[in-house]
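**Student:** Just the structure for this:
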Amino acid sequence: MTTEQKPLIAMMLGWEVGIDLLRACAVAAAYHGADFYYFRTSGIKEQSITGIKLENDQWIEGEFRYPDAIYDYTRRRGIANFEKAYSQIGHIPMGHTIKGRSMNKSKVYRIIQKSEALSRTLIPYMTVRDSESLLQFMEKHGKVIFKTNGGYLGRNALTAELKNDVIELFDQKYLHRFSLDDLPRLTEMLTSKRYFVQKMIHSVTPQNHPFHVRVHVCKNGENRWIVAFHSIGLSLTPHVKVTNSDSTYRGTSTWQDFLRNQFGEKENGAFHRRIDNYSVDLANYLEEATGGGFHEIGFDFGVDDQKRFWLFEAGIGLPGTSYYHLQMAMPAVAYTLSLLK
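**Tutor:** Residues are numbered from 1 along each chain as shown. You can find the predicted model right below:
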C-alpha cells in the first residue's frame, strides 16, 4: 500500500447477506477513510478478486487487488469447503480467526461456568443423554426448551412442559403429546440430533409478549470491547416462546421505549448499566479464556420479573441484525482497519 492509496478493506461472504449490511459497511469504510468492496469465496483468484463495489449508489462488479484487511463474514475457517479460500488469502489480516463452529453453545457455557462472578446468568441446562435424567430435569424445572448445540437463530428449537404424566412438545408450529412410555423414543430422537435442554425463563412484557434482549458487543478501532447496540425481539404470538427464530412472527421496540415500558427506566439507568457492564466483562473474559480470534459477539438475554437477566445464547460465530446495520458496521470496519497498524 503506497502513501497515496487509501486503505482497501473487503468483506468476505459465504452466502447471501442483506444489502443493508453491505451498504452500511461501504458507508462505514468511507467514513473511516477507506475503500471497500465485498466478494464471495468463489471470487478469489491468483492475483485478484472478483468483487462488487458501491459507486454512485450503484453496485458495480469488477476485478480488484487483494485488500489490505478483510472483514470475514464467512467464518468457516477449518471447514473443508472453505479451506482453499482461506489458504489463498491467509496472509491478509482478518479479525475473525477461530475455526468455524468451534464455539458451540455448550462450550461457551462451560467456559462461563468457571467464573463465579459471570456464571450467575447461566440458565440450568443439561445435555440430553438418557430418559431418566431428562425426566428428572423436567420434573425439577417444569417448562423447558430444547436446542441443538450448533444451531442458531432459534432454528429447530422445541419447547416442552410436563403435564400430568404427559409431555407437551411444541415445535413452534405444532403441539405434540408424548406419554412417559414414549420418553425413551423421544430421548433417542433428541440425542441423535445433539440436543440439550434448558430451563425455560419467563421473560415477558406486561402485555404477555415473550421477549429477549440482544446486546451486540464488538471491538472498536482501539481494540476495546464496547456495546454497539441493543435490540429487542418480541414474539407477537404469545404461545411462541422462541423470540430469536426467523420462523416466529416478531416485533421489536427501540431500546428507550423498551426500558421505559418494561422497567420504568430511562437510558443509562440501573438496568441499562448493569446489563452493559456485564456484557463487556463477559466479552473480555471469553477473549482471555479462549485466546481470542473474534471481535463480535451477540449476547441474547431473557429477563425475569425480578429484573434478573439470564443468558440465552452467546453468538460468536456470525451475529447479525435486522435493523442496526450501521451500528454494527461502524466498529467492525474500524476494528478491521486497526489490524493494519
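**Student:** Grab the nearest non-local neighbour of Ser106.
**Tutor:** What sits nearest to Ser106 in space, not counting adjacent residues and going by C-beta to C-beta, 6 or more residues apart in numbering, is Asn149, at 5.5 Å. C-beta here means a position set from N, CA and C on the backbone, and glycine is covered the same way.
**Student:** scratch that, His216
**Tutor:** Ala228 is the one closest to His216 (C-beta to C-beta, 6+ apart), at 4.8 Å.
**Student:** Does the one you found touch Pro331 like I think?
**Tutor:** Yes. Counting by C-beta atoms under 8 Å, Pro331 is a contact partner of Ala228 at 5.4 Å.
**Student:** Quick check on those two: which one has the bigger neighbour count.
**Tutor:** Each of Ala228 and Pro331 has its neighbours counted (other C-beta atoms under 10 Å); Pro331 has more, 25 against 22.
**Student:** That one belongs to a strand, doesn't it?
**Tutor:** No. Pro331: not assigned to a strand; according to DSSP: H, G, I helix; E, B strand; the rest coil it is helix.
**Student:** Read off the pLDDT value for it.
**Tutor:** pLDDT for Pro331: 98.
**Student:** Tell me how far it lies from Ala117.
**Tutor:** 26 Å (C-beta to C-beta, to the nearest Å).
**Student:** Go ahead and name everything in contact with the top helix by length along the chain.
**Tutor:** Ranked by number of residues, the top helix in the chain under DSSP state H is helix 270-290. Contact with helix 270-290 is made by 98, 103, 108, 111-112, 114-115, 117-118, 121, 213, 215, 217, 225-227, 259, 263, 265, 294, 297, 299, 301, 307, 309, 314, 316, as judged by C-beta atoms under 8 Å, 6 or more residues apart in numbering.
**Student:** for it, which positions count as buried?
**Tutor:** Neighbour-count burial for helix 270-290, counted by 16 or more other C-beta atoms under 10 Å, picks out 271-272, 275-276, 278-280, 282-283, 285-287, 290.
**Student:** Go through those and say which is closest to Gln58.
**Tutor:** Among the buried residues of helix 270-290, Ala283 lies closest to Gln58 (C-beta to C-beta), at 37.3 Å.
**Student:** need the contact list for Ile89.
**Tutor:** Per C-beta under 8 Å, 6+ apart, neighbours of Ile89: 12, 44, 66, 70.
**Student:** Over to Gln256?
**Tutor:** 266-267.
**Student:** Likewise for Phe211?
**Tutor:** So Phe211 contacts 203-205, 232-235, 243, 302-303 (C-beta under 8 Å, 6+ apart).
**Student:** Flag the least confident of those.
**Tutor:** Thr243 (78).
**Student:** mind giving me the domain split of this structure?
**Tutor:** 8-88, 105-122+203-316, 125-199 (automatic domain parsing).
**Student:** Save those domains as a markdown table, and put in distance to Lys341 too.
**Tutor:** Output for the domains of the chain, formatted as a markdown table (distance: least, C-beta to C-beta, whole Å):
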| stretch | distance to Lys341 |
| --- | --- |
| domain 8-88 | 10 |
| domain 105-122+203-316 | 9 |
| domain 125-199 | 32 |
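**Student:** For His325, which of the ones you listed is the nearest?
**Tutor:** For those, proximity to His325 was assessed by C-beta to C-beta; domain 8-88 is nearest, at 3.8 Å.
**Student:** Now find how far off-centre that closest one is within its chain.
**Tutor:** Relative to its chain's centre, domain 8-88 lies at 21 Å (C-alpha atoms, centre = their mean, to the nearest Å).
**Student:** Output the lowest mean pLDDT helix or strand found in the protein.
**Tutor:** One helix or strand of the chain scores below all others by mean pLDDT, DSSP states H and E: strand 250-251, with a mean of 87.
**Student:** Tell me which other helices or strands it touches.
**Tutor:** The criterion is 3 or more C-beta pairs under 8 Å, 6 or more residues apart in numbering; DSSP states H and E, and the helices and strands that strand 250-251 contacts are strand 225-235.
**Student:** Now do the strand it packs on: distance to the chain's middle.
**Tutor:** 11 Å.
**Student:** What are the buried residues along that strand?
**Tutor:** For strand 225-235, the buried set under the neighbour-count rule, 16+ other C-beta under 10 Å, comprises 225, 227-235.
**Student:** Just want the angle from it to helix 270-290.
**Tutor:** 120 degrees (axes from the mean of the first three to the mean of the last three C-alpha atoms, to 10 degrees).
**Student:** how about the strands in the stretch 151-300 of the chain?
**Tutor:** 158-163, 166-170, 175-179, 195-199, 211-219, 225-235, 250-251, 296-303 (DSSP state E, counting those that start in this stretch).
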